[in-house]
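**Student:** Predicted coordinates and the sequence they were generated for:
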Amino acid sequence: MTIALENHWIWDSWYAHDGARWHGYFLKAPKSLGNPDLRHFNVSQGHAVSDDLVTWEHLGTCLTPSEGPAFDDYTTWTGSVVQDGDGLWHLFYTGTARAEDGLYQRIGHATSHDMHSWERAEDGLCLDLTGPNARHYEADHARGFWHDRAMRDPWVMRDPEGAGWLMYFTARAPGIKEPNAGGAVGFATSPDLKTWTLQPPVFTGGFGQLEVPQVFQHQGHWFCLFCTAAEHFSKAQAEATPSGPVTGNHYLIGEGPRGPWKIAPGNFLDGALPCFRYAARIVDTGEGLVILGFNDYAPDGEFGGFVLDPAPVTLDDNGLLRVEQPPKAAE
């Protein structure tokens, strides 16, 4: 295992490089809870550093839910870290509120000079499903239809086609009769990482949710990595997947950072039943691509709760990604 703690479960993770070392950020919750299903609403963010993405030095907790009434006083979930042109580091993350029982998700923003001590930008709230483009989203919780009001897992990157910044996030589109056909990759733009404008989703369909999106370019090809579960395949996508529905990580193929995007054809990139690796990230080490994600179910059938060693990822002659060490189902 790559990132593990004796007394805490670890799940979603994300990575940034400071020019000398890798910084790994991750969700964690105490194993004293007893039931790993309770981890989601007993969460904090941890931080570790590494020279090789394999051996990690843990630096402790770096972000916790806000004190008192706030959009993020219940949870601080998955996000991403980027550096601006002045050297300041920015963390974008998912927040939920106790007053809403954690059912409404919003995007938060914090900054740091040392990549560990994060301070919320003003009240921390960065983006919500409001404004004229909110009509393109399931902006209210569709109770009885879906389990939450989805707006989470922000992935922020520089706009390669302009001077600003792009944000992608897990969302849902409205008015789609089949719940598992309404998953979407949400989209927003900013000139300065401070002021964000909600845009229509860049992709909708195929799954009920496309979690933890990560957009990147490799060898002239654009990809959007995401994760989802077997029970969230749409009927059409289940029939179009040769291996059938599995749980794990797959990707979209795009013509550019704004798309248009389509689901990569063929078998799922990195899936198994029960799930082996989830909420993965693909990282460019400078020598090639690797995939890192947390172990969902270990061979004993219990929740793994640690980040697995990186596995190599290659690009085939058709421009499709391939994990060179495929996942193994729990035995």
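**Tutor:** Great, that's in hand.
**Student:** where does this structure dip in pLDDT?
**Tutor:** Counting by pLDDT under 70, the ranges of the chain that qualify are 1, 326-331.
**Student:** residue contacts, the most centrally placed residue in it?
**Tutor:** What sits nearest the mean C-alpha location of the chain, by Cα atoms, centre = their mean, is Val212, with 2.0 Å. By Cβ atoms under 8 Å, 6 or more residues apart in numbering, the residues touching Val212 are Asp12, Thr78, Asp153, Trp155, Thr170, Leu225, Phe226, Cys227, Ala279, Ala280, Arg281. Heads up, the C-betas are built off the backbone N, CA and C, glycines and all.
**Student:** and if we set it to 7 Å?
**Tutor:** By Cβ atoms under 7 Å, 6 or more residues apart in numbering, the residues touching Val212 are Asp12, Thr78, Asp153, Phe226, Cys227, Ala279.
**Student:** Now do the SS call for Gly19.
**Tutor:** Three-state assignment for Gly19 (DSSP: H, G, I helix; E, B strand; the rest coil): coil.
**Student:** That one: how many residues sit nearby?
**Tutor:** Residues within reach of Gly19, counting by other Cβ atoms under 10 Å, total 5.
**Student:** What are the buried residues along the host helix or strand of the residue nearest to the centre of the chain?
**Tutor:** Secondary structure assigned from DSSP states H and E places Val212 in strand 211-218. Using 16 or more other Cβ atoms under 10 Å as the test for burial, strand 211-218 gives Glu211, Val212, Pro213, Gln214, Val215, Phe216, His218.
**Student:** Then stretch 15-22?
**Tutor:** Tyr15, Ala16, Trp22.
**Student:** which residues are in contact with it?
**Tutor:** Contacts for stretch 15-22 (Cβ under 7 Å, 6+ apart): His23, Gly24, Val49, Ser50, Asp51, Leu53, Val81, Met115, Arg281, Val283.
**Student:** phi, psi of the second one?
**Tutor:** Same thing as Gly24. Main-chain dihedrals, Gly24, degrees, to the nearest 10: phi -110, psi 130.
**Student:** How much space separates it from Ile10?
**Tutor:** Distance, Gly24 to Ile10, using Cβ to Cβ, to the nearest Å: 10 Å.
**Student:** Likewise for the third one?
**Tutor:** Val49 sits 15 Å away from Ile10 when distances are taken as Cβ to Cβ.
**Student:** between these two, which one's more packed in?
**Tutor:** Ile10 (24 against 17).
**Student:** and the more buried one, that one's in a strand?
**Tutor:** Yes - under three-state DSSP, Ile10 sits within a strand.
**Student:** these two touch, right, it and Asp296?
**Tutor:** No - Ile10 is beyond contact range of Asp296, at 11.6 Å (criterion: Cβ atoms under 7 Å).
**Student:** I figured Leu193 was touching Trp165, is that so?
**Tutor:** Yes - between Leu193 and Trp165 there is a contact at 5.6 Å, judged by Cβ under 7 Å.
**Student:** so what's the backbone phi/psi at Leu33?
**Tutor:** phi -60, psi -30.
**Student:** I'd like to know how many residues surround Pro30.
**Tutor:** 14.
**Student:** Surely it touches Asn7?
**Tutor:** Yes - the criterion here is Cβ under 7 Å, and Pro30 meets it with Asn7 at 6.3 Å.
**Student:** returning to what we had before: ok, of the contacts of stretch 15-22, which one's closest to Ala240?
**Tutor:** Nearest to Ala240 out of the contacts of stretch 15-22 is Arg281 (Cβ to Cβ; 25.4 Å).
**Student:** which residues does that closest one contact?
**Tutor:** Contacts of Arg281 by Cβ under 7 Å, 6+ apart are Ser13, Trp14, Tyr15, Gln214, Leu292.
**Student:** how close does it sit to Gly46?
**Tutor:** With distances taken as Cβ to Cβ, Arg281 is found 15 Å from Gly46.
**Student:** Arg106 now?
**Tutor:** 22 Å.
**Student:** Next: Thr94.
**Tutor:** 16 Å.
**Student:** which residue packs closest to Ala29, ignoring adjacent ones?
**Tutor:** Arg39 (3.6 Å; Cβ to Cβ, 6 or more residues apart in numbering).
**Student:** my read is that neighbour is in a helix, agree?
**Tutor:** Yes - using three-state DSSP, the secondary structure at Arg39 is a helix.
**Student:** how close does it get to Trp146?
**Tutor:** Counting by Cβ to Cβ, the gap from Arg39 to Trp146 is 21 Å.
**Student:** what residues are up against His136?
**Tutor:** Ala173, Pro200, Pro201.
**Student:** run the last query once more with 8 Å
**Tutor:** Contacts of His136 (Cβ under 8 Å, 6+ apart): Ala173, Pro174, Pro200, Pro201.
**Student:** Many thanks, I have nothing further to ask.
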